[in-house]
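Peer 1: Sharing a model prediction with you, sequence too.
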Amino acid sequence: MGICASSNVVHSSSDADDIFGAAVVYCSKTTAGRRGSAYSLTGSKGLNQDSAILYQGYGGEDGVLCAVFDGHGQNGHAVSNLVRNHLPELLLRHHNNTSGDGENNNMIKEACVISAFTAMDKDIKILHDQTTFDLASSGSTAALVIKHGEELVVANLGDSRAILGQRSDGKKGEKVVPFQLTTDLKPGLPCEAERIRKCKGRVLALKEESHILRVWLPYDDSPGLAMSRAFGDFMLKQYGVIATPDISYHHLSPDDEFLVIATDGVWDVLTNETVVSIVSSARSQEEAAKLVVEEAAAAWESKYPNSRRDDCTVVCLFLR
């Protein structure tokens, strides 16, 4: 059974809701109607470790924050939900403590985002150190986009992904094509592998899955993390796995129709082109995210009938 975003949800700050809250949260502090949708479907591995947020009115009337978080490891659900519930507030707090304009504005945005992500990882470490939650080999990705006016700030940690759907020729009603905003941050990327190896971590693939490079401890065949950046995963933090996001910026044009952010359970089986086609052909904005997730679930059954399906989570934001 999937989970749809509910309107006007304000998530609780209680410990139980932080760790076991619903996968999808929709928040609104604006008078404008909903401009997107979010949907999450639990995979066949057990507990849904994905979470997502669509927050309209974020930091101002025209502000929007969209994000997905993909937990992994025994307590990945705890990390995913904690980050979803607290990172938006941390980002606003760090932004409000900094000022600047002009040519240094992007630098200031980047510093704010990095400091907020660092603070979030430190809070998770406190949970690891002071509670029974062992987060040595549990963590979460984050793919996050903040929209203010026509400007996007994109922050990515791990292998979730954000794309835009753009009109290919600038004419309304014509074909919509994908434009990828993030890079999947996996150990196979040369720059990521280089950093990990300089820190004495190992990047290797198992014989039975030679196409998947993983991060291992220097002298132990564990834990085998399939991404190079994440919240949590403290066993690997001194060996090159970092919680510093890759940050980029995008100025929206009239050709940018919608934004899609999804966890790797979607991207493992659907191409960017397929996802854009599904969203652009949706009958309503409210059903777009659910349609993508349902198509991903069907693709898992078709392509990998003997494998356990991953959790699949999507957030769609319509820009026009």
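Peer 2: Sure, I can see it. Small disclaimer: the values here were computed from a predicted structure and weren't measured.

Peer 1: from here on, contacts and neighbour counts on C-alpha atoms
Peer 2: Fine.

Peer 1: which residue is nearest the centroid of this protein?
Peer 2: For the chain, the residue lying nearest the average C-alpha position, counting by Cα atoms, centre = their mean, turns out to be Ala143 (2.7 Å).

Peer 1: My guess is that one contacts Asn156. True?
Peer 2: Yes - in this structure, Ala143 sits in contact with Asn156. The criterion is Cα atoms under 8 Å, and the distance is 4.5 Å.

Peer 1: Helix, strand, or coil at Ala22?
Peer 2: Look at Ala22: counting by DSSP: H, G, I helix; E, B strand; the rest coil, its state is coil.

Peer 1: same question but for Ser137, I mixed them up
Peer 2: Secondary structure assignment for Ser137 (three-state DSSP): coil.

Peer 1: check contacts around it.
Peer 2: Ser137 makes contact with 73-74, 223, 232-236, according to Cα atoms under 8 Å, 6 or more residues apart in numbering.

Peer 1: what's the farthest-apart pair in the residues you listed?
Peer 2: When Cα to Cα is used, the two most widely separated members of those are Gln74 and Leu236, lying 15.5 Å apart.

Peer 1: Flag every buried residue along the helix or strand encompassing Ile114.
Peer 2: Secondary structure assignment for Ile114, by DSSP states H and E: helix 105-130. The neighbour-count check on helix 105-130 (16 or more other Cα atoms under 10 Å) flags 106, 108-121, 123-125, 127-128 as buried.

Peer 1: same deal with stretch 284-302?
Peer 2: Residues 285-297, 299-300 are the ones in stretch 284-302 that count as buried (16+ other Cα under 10 Å).

Peer 1: who's in contact with that stretch?
Peer 2: Applying Cα under 8 Å, 6+ apart, the set of residues contacting stretch 284-302 from outside is 4, 35-41, 265-266, 269-270, 275, 278-279, 282, 309, 312-316, 318.

Peer 1: all helices of the stretch 1-150 of the chain, in order?
Peer 2: With DSSP state H, counting those that start in this stretch as the definition, the stretch 1-150 of the chain shows helices at residue ranges 15-20, 76-96, 105-130.

Peer 1: I'd like to know which elements the longest one is packed against.
Peer 2: Helix 105-130 makes packing contacts with helix 76-96, strand 231-232 when contacts are defined by 3 or more Cα pairs under 8 Å, 6 or more residues apart in numbering; DSSP states H and E.

Peer 1: Include mean pLDDT and mean neighbour count when you put the ones you listed into JSON lines, please.
Peer 2: Putting those into JSON lines (pLDDT from 0 to 100; neighbours: other Cα atoms under 10 Å) gives the following:
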{"stretch": "helix 76-96", "mean pLDDT": "94", "mean neighbour count": "22"}
{"stretch": "strand 231-232", "mean pLDDT": "98", "mean neighbour count": "32"}
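
Peer 1: Hmm, Gly46 and Arg309 touching each other?
Peer 2: No - judged on Cα under 8 Å, Arg309 makes no contact with Gly46 at a distance of 9.8 Å.

Peer 1: ok, the two, which is more surrounded?
Peer 2: A count of neighbours by other Cα atoms under 10 Å puts Arg309 above the other of Arg309 and Gly46, at 20 against 11.

Peer 1: residues contacting that one?
Peer 2: Shown in contact with Arg309 (Cα under 8 Å, 6+ apart): 43-45, 265, 297, 300-301.

Peer 1: at 7 Å instead, please
Peer 2: Listed by Cα atoms under 7 Å, 6 or more residues apart in numbering, the contact set of Arg309 reads 43-45, 300.

Peer 1: pLDDT value on it, please?
Peer 2: pLDDT, the model's per-residue confidence, is 95 for Arg309.

Peer 1: And it, which helix or strand is it part of?
Peer 2: When elements are assigned from DSSP H and E, Arg309 belongs to no helix and no strand.

Peer 1: Can you name the residues in contact with the strand ranked longest in the chain?
Peer 2: Counting residues, the longest strand in the chain under DSSP state E turns out to be strand 63-72. Outside of strand 63-72, the residues that reach it under the criterion Cα under 7 Å, 6+ apart are 49-58, 77, 79-80, 84, 138-149, 261-263, 315.
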